[in-house]
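Colleague: the sequence isn't on hand, but the structure is:
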Ligand code: ADP
Ligand code: MG
């Protein structure tokens, strides 16, 4: 028996679930669905974003609706137009095998008369934003006096956005005899107040810890001088070729300026803020979802509705004025069991905000240096090489091959490879050749060079997550192969086809000699010195918060959030195709969140567990 069947769902839902590609229920679904199917009760369900809450209320709701009766039977309130449309979409997918069931979305910024006419044609389920709903109630365009179910989705966000009055007004227009289902990621005071004032003995379901941050998200900060903010952003993007991110700025003006600058510099970026028309905003979101945009620069308000899976990085170009807002920002990544990284570009004077945020999210930040030009060039070079290796050839070009061969015929293979790579790579080399490294005081750190004799040395090695390493296992492998002690290898950063690690300079000759003579499953290992990590910049940097020890211990060096692993290879293709990507990615079994973080038995690691069991 299928896991969803065990929850008590009926045949038409099971069919739809099969079409969606959901293999087993998430934790919140497992807990909520049987409860809601069994009896009519109020419920408060707390689960982080991306844990599948829509289906947790959507499935039982659909099963309980009577499709033969055309009256409005359920109201789902959601904070933004974006979410409202998304929920409507999902509900329609879930109920596609149920004849006569109509779901209608109601939201601001679109024709109210058109929405009213949809409702007149019969809508058993209405999904609405509070503002527009109030409006339509006042104009007698909807009748929710007989509904059986009222769902408050993302209740914390709704209240955060100041919808308390609207919500209470709407609720007072609904019958007393109904069930209220409240879904929320966190349980701030106002949510508790709604539960107390408007719900009857609600059952409570909690997945994960109340009010805690998402464990799939790791947090990092980069200390720079204020004038280097933009250069730092550029480097962070360049060091993550597969980045798919939301970049937060404080003001509309900065948002627009940063986006324009990124576009000018050749990135696929766009701005999202309140000065854009609704149509413009829709256009931007459509391109972002379709992956034509890799970096979306947004204000906090405009980004509220963004509910896109697979965002790899949230970048805090500036920290928000209110530290509480940080949780909402970082919650844009690490959805649906995927891992994500929230990066903060910060200046010295803002440093104390980091510990304030740490208290709120109950997680520690890791301080990282802005990647050096050389490191970025290496990353880009290998990314490019892998892209060439993995690209699917369209045989349309076969016809032109003879002519192309004629042009290239005198170039030896080695030379040809160099030239091909240079076509794209020169722009990085040219940029980074000229730029010095960034540090908190804007000073120049030592550039790389010959084998250094003191300090730490950073190595590049041509094995990575593709070879099934994560930072723990690579570190172990290096220690064993080189016969080194516990703390001799540190700052291990595993990328897809290659990695970086540090050792003390005194070990450098041994590292080079032993590893370069080593083969892993028939493949020759190649190690190169990436740069000299010793000297001023780094140690000075460490003084700011005295976490030097932590960073050096290796534990902090783990590279977690990177999505470039595995499915990054198909990334190029996905990016253009858009389409079915959401489920493709889910099925591909990409083991992003590998290593230790899996084993903690964290409560919302459900999607991940499903993946792991499929693989084994
Ligand atoms: P939340 O509302 O908790 O933030 P969503 O309901 O938006 O999360 O779900 C996040 C993503 O996970 C969506 O893309 C959804 O289609 C997907 N999803 C939900 N339930 C499952 C499941 N049981 N198996 C696989 N994917 C799921
Ligand atoms: Mg949701």
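Modeller: Everything's here; your move. These numbers come from a predicted model, not from an experiment. Ligands and ions are numbered 1, 2, ... in the order given.
Colleague: ok, residue 86 - contacts?
Modeller: The contact partners of residue 86, by CB atoms under 8 Å, 6 or more residues apart in numbering, come to 54, 307. All C-beta spots, glycine's among them, are computed from the backbone N, C-alpha and C.
Colleague: check the gap between it and residue 280 for me.
Modeller: Noted for residue 86: a distance of 19 Å to residue 280, by CB to CB, to the nearest Å.
Colleague: which intervals of the stretch 301-450 of the chain have sub-threshold pLDDT?
Modeller: Applying pLDDT under 70 to the stretch 301-450 of the chain picks out residues 305, 336-337, 439-450.
Colleague: and the chain, by the same measure?
Modeller: Ranges of the chain meeting pLDDT under 70: 1, 208-214, 305, 336-337, 439-453, 531-616.
Colleague: up against ligand 1, what does the protein have?
Modeller: 22, 25-26, 29, 47, 49-55, 307, 309, 335-336, 582, 586 (CB under 6 Å from any ligand atom).
Colleague: kindly give a single ChimeraX line that selects the buried subset of the residues you listed.
Modeller: Per 16 or more other CB atoms under 10 Å, the buried members of the residues of the chain next to ligand 1 correspond to this ChimeraX selection:
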select :22,25,26,29,47,49,50,51,52,53,54,55,307,335,336,582,586
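Colleague: between the two ends of stretch 331-351, what distance do you get?
Modeller: The first and last residues of stretch 331-351 sit 21 Å apart, counting by CA to CA, to the nearest Å.
Colleague: list the buried residues in that stretch.
Modeller: In stretch 331-351, counting by 16+ other CB under 10 Å, buried: 331-347.
Colleague: ok, residue 166 - contacts?
Modeller: With CB under 8 Å, 6+ apart, residue 166 has these contacts: 130-131, 133-134.
Colleague: if you rank those by neighbours, which is first?
Modeller: Using other CB atoms under 10 Å as the neighbour test, the contacts of residue 166 are led by residue 133, with 27 neighbours.
Colleague: that one and residue 77 touch, don't they?
Modeller: Yes. Using CB atoms under 8 Å, residue 133 makes contact with residue 77 at a distance of 6.8 Å.
Colleague: what do the two both touch?
Modeller: residue 170.
Colleague: mind listing the helices for the stretch 151-300 of the chain?
Modeller: Secondary structure of the stretch 151-300 of the chain (DSSP state H, counting those that start in this stretch): helices at 155-160, 164-171, 189-198, 229-238, 252-264, 278-289, 300-303.
Colleague: of those, flag the one that's most buried.
Modeller: helix 155-160 (a mean of 23; mean count of other CB atoms under 10 Å).
Colleague: elements contacting it?
Modeller: Where contact means 3 or more CB pairs under 8 Å, 6 or more residues apart in numbering; DSSP states H and E, helix 155-160 is packed against strand 179-184, helix 189-198.
Colleague: and those: which comes nearest residue 461?
Modeller: Nearest to residue 461, of all those, is strand 179-184, at 45.1 Å by CB to CB.
Colleague: so what's the gap between that closest one and the chain middle?
Modeller: 26 Å (CA atoms, centre = their mean, to the nearest Å).
Colleague: check stretch 221-230 too.
Modeller: Centre-to-centre, stretch 221-230 and its host chain are 23 Å apart (CA atoms, centre = their mean).
Colleague: and it, what's buried?
Modeller: 221-225, 228-230.
Colleague: next: stretch 358-368.
Modeller: Buried residues in stretch 358-368 (16+ other CB under 10 Å): 361, 363, 365-368.
Colleague: go on, stretch 177-191?
Modeller: Residues 178-187, 190-191 are the ones in stretch 177-191 that count as buried (16+ other CB under 10 Å).
Colleague: just stretch 474-494 next, same as before
Modeller: 474-475, 477-479, 482, 484, 488-494.
Colleague: for it, measure first residue to last.
Modeller: 8 Å.
Colleague: distance from it to the middle of the chain?
Modeller: That offset, for stretch 474-494, works out to 29 Å (CA atoms, centre = their mean).
Colleague: relative to residue 354, how far out is the residue nearest to residue 261 when sequence neighbours are not counted?
Modeller: Leaving out its chain neighbours, the residue that sits closest to residue 261 by CB to CB, 6 or more residues apart in numbering is residue 230, at 6.3 Å. Distance check for residue 230 against residue 354: by CB to CB, it reads 21 Å.
Colleague: also residue 175?
Modeller: Taking CB to CB, one finds residue 175 at 49 Å from residue 354.
Colleague: do the same with residue 138
Modeller: 46 Å.
Colleague: who has more neighbours out of the two?
Modeller: Neighbour count, other CB under 10 Å: between residue 138 and residue 354, residue 354 has more, with 21 against 11.
Colleague: quick one: residues contacting that one.
Modeller: 221, 344, 346, 365, 545.
Colleague: from ligand 1, how far off is it?
Modeller: 26 Å (CB to the nearest ligand atom, to the nearest Å).
Colleague: and that residue, that one's in a helix?
Modeller: Yes. Secondary structure of residue 354, determined by DSSP: H, G, I helix; E, B strand; the rest coil: located in a helix.
Colleague: I'd say residue 136 and residue 111 touch.
Modeller: No. Counting by CB under 8 Å, residue 136 sits too far from residue 111 to count as a contact (11.9 Å).
Colleague: higher neighbour count, the two?
Modeller: Shown here are residue 136 and residue 111; by other CB under 10 Å, residue 136 has more neighbours (20 against 8).
Colleague: please report the distance of that one from ligand 1.
Modeller: 24 Å.
Colleague: so which of the buried residues of stretch 474-494 sit within strands?
Modeller: Those of those mapping onto strands are 490-494, per DSSP state E.
Colleague: and the residues you listed, which is closest to ligand 1?
Modeller: Ligand 1 lies nearest to residue 494 out of those, by CB to the nearest ligand atom, at 26.3 Å.
Colleague: quick one: that closest one from residue 45, how far?
Modeller: 36 Å.
Colleague: repeat that for residue 496.
Modeller: From residue 496 across to residue 45, the span is 37 Å (CB to CB).
Colleague: how many neighbours does residue 505 have?
Modeller: For residue 505, using other CB under 10 Å, the count is 18.
Colleague: hang on, it packs against residue 459?
Modeller: No. Using CB under 8 Å, residue 505 and residue 459 do not qualify as a contacting pair, with a distance of 11.1 Å.
Colleague: ok, back up a step: farthest pair in the contacts of residue 166?
Modeller: 131 and 133, at 7.1 Å, using CB to CB across these.
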